[in-house]
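Enquirer: next come a sequence and a model predicted from it.
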Amino acid sequence: MNQGWTYRDRVPNEAAGQSLLDYYAQRYRHSTRQEWQKRIQEGLITVEGRPSDSAQRLQAGQQLAYHRPPWQEPEVPLELDVLYEDGDVLAIAKPSGLPVLPGGQFLEHTLLHQLKRQYPQRTPIPVHRLGRGTSGVMLLARSAVARADLSRQLRQNSQTSAPDFQLTKTYRALIGPHSLPDAFEITLPIGPVVYPGLGTVHAATPGGKWAYSQVRVIDRGAAQSIIEVSIKTGRPHQIRIHLAAAGYPLLGEPLYTVGGVPRMVSEHAHLPVPSDLGYWLHAYQLRFKHPMTQAMVTVICPPPPCLQAKASAPGR
């Protein structure tokens with residue numbers, strides 16, 4: 001069991017006049033209206049530090065808090081292997097299944113919590129994110145100067161449509177049978193779309209932000225193929241969305257279907273969510289300019305066996 005958590009809100013102007021129950025039921029749709037009603041009745045939700053009634057009308061600026069009791073988190077791999085380390089930069093190998101930040105059922109079983117445990121005095125800060133199901137290289141800053149410079153490199157990549165890369169992230173992934181060329185680019189925009197239960201998820205959409213992926217087939221097979229994808233931008237779930245948009249979702253992809261949009265049907269009681277597992281996606285290589293020395297640094301995380309290409313494979 002973890003220690004529980006308190007989620008705090010400040011009532012925005014547009015929510016003034018709403019009931020306490022309507023506020024939580026409409027804003028946080030991961031839980032049903034009945035579940036929020038029960039939490040209010042149990043005194044787990046407070047207004048200005050005091051338990052309240054579900055019918056209470058809210059005022060702009062009021063402080064709300066949901067005091068979530070301790071819960072048993074799902075088991076996840078917690079080991080973090082160090083790939084590169086100096087006084088300003090840390091690169092670790094994130095295992096598949098480990099979330100980066102708290103959310104949903106995860107609080108202590110996250111990368112951020114493990115970093116705080118291993119580096120309690122000066123906790124490294126993630127410069128970018130990897131999805132829960134994605135394994136491989138993850139870059140962290142160990143100083144304010146490094147964080148600012150590495151963040152600048154990422155912003156520069158995302159703010160221009162020029163094909164040059166300053167900070168390069170290369171992934172390996174597994175797709176099914178296909179007729180794709182040996183190399184191609186995907187530039188479809190990615191942004192939030194309406195999705196039941198979560199409000200929105202990111203997907204391919206004309207109103208989204210520009211996103212750029214370079215794809216290379218490195219091992220063709222009759223049943224499955226290994227591809228390498230270098231991304232200039234870092235939109236949420238970019239590779240999963242772009243490959244699905246190209247007509248070839250990752251093998252085992254639970255959420256995104258052809259077109260790069262979320263599937264709206266499920267064999268289970270609940271629709272899939274972005275953190276669901278089942279696909280193979282690995283951050284294989286990260287290349288960046290060191291924030292202090294200005295030297296180019298390349299960090300490689302060996303991929304799992306299913307993503308290791310044969311030396312003689314077509315497309316290499």
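Expert: Ah, there it is. Keep in mind it's a predicted model, so treat the numbers as computed, not measured.
Enquirer: apart from its neighbours in sequence, what residue is nearest P192?
Expert: Once flanking residues are discounted, P192 sits nearest to T200: 3.9 Å by Cβ to Cβ, 6 or more residues apart in numbering. In short, each C-beta sits where N, CA and C put it, glycine included.
Enquirer: is that neighbour part of a helix or strand, or is it coil?
Expert: strand (DSSP: H, G, I helix; E, B strand; the rest coil).
Enquirer: could you pull out the strands in the stretch 201-316 of the chain for me?
Expert: Along the stretch 201-316 of the chain, counting by DSSP state E, counting those that start in this stretch, strands occupy 213-219, 225-231, 256-257, 261-262, 281-289, 296-300.
Enquirer: so for N157, which of these sits nearest?
Expert: Among those, strand 225-231 comes nearest to N157, with 8.5 Å by Cβ to Cβ.
Enquirer: so what does the closest one touch, helix or strand wise?
Expert: Strand 225-231 is packed against strand 168-175, strand 213-219, helix 238-245, with contacts defined by 3 or more Cβ pairs under 8 Å, 6 or more residues apart in numbering; DSSP states H and E.
Enquirer: nearest to P12, of these?
Expert: Closest approach to P12 among the helices and strands packed on strand 225-231 (Cβ to Cβ): helix 238-245, 29.6 Å.
Enquirer: please enumerate residues in contact with that closest one?
Expert: For helix 238-245, the external contacting residues (Cβ atoms under 8 Å, 6 or more residues apart in numbering) are 131, 171, 173, 175, 186, 188, 190, 202-204, 211, 213, 215, 227, 229, 231, 235, 249-250, 253, 255-261, 279, 281.
Enquirer: what mean pLDDT does it get?
Expert: For helix 238-245, mean pLDDT rounds to 97.
Enquirer: would you mark the buried spots in stretch 23-33?
Expert: Of the residues in stretch 23-33, Y23, Y24, A25 count as buried by neighbour count, 16 or more other Cβ atoms under 10 Å.
Enquirer: for the lowest-mean-pLDDT helix or strand in the chain, what is the distance to the chain centroid?
Expert: When each helix and strand of the chain is scored by mean pLDDT, DSSP states H and E, helix 144-159 comes last, with a mean of 88. Centroid displacement of helix 144-159 relative to its chain, using Cα atoms, centre = their mean, to the nearest Å, is 18 Å.
Enquirer: ok and that helix relative to strand 225-231, angle-wise?
Expert: If you take axes from the mean of the first three to the mean of the last three Cα atoms, to 10 degrees, helix 144-159 sits at 110 degrees to strand 225-231.
Enquirer: angle of helix 144-159 against strand 281-289?
Expert: Helix 144-159 runs at 110 degrees relative to strand 281-289, counting by the same axes, to 10 degrees.
Enquirer: so which residues make contact with helix 144-159?
Expert: Around helix 144-159, the neighbours that count as contacts under Cβ under 8 Å, 6+ apart are 88-89, 125, 127-128, 139, 141, 165-167, 209, 232-234, 288-289, 291-292.
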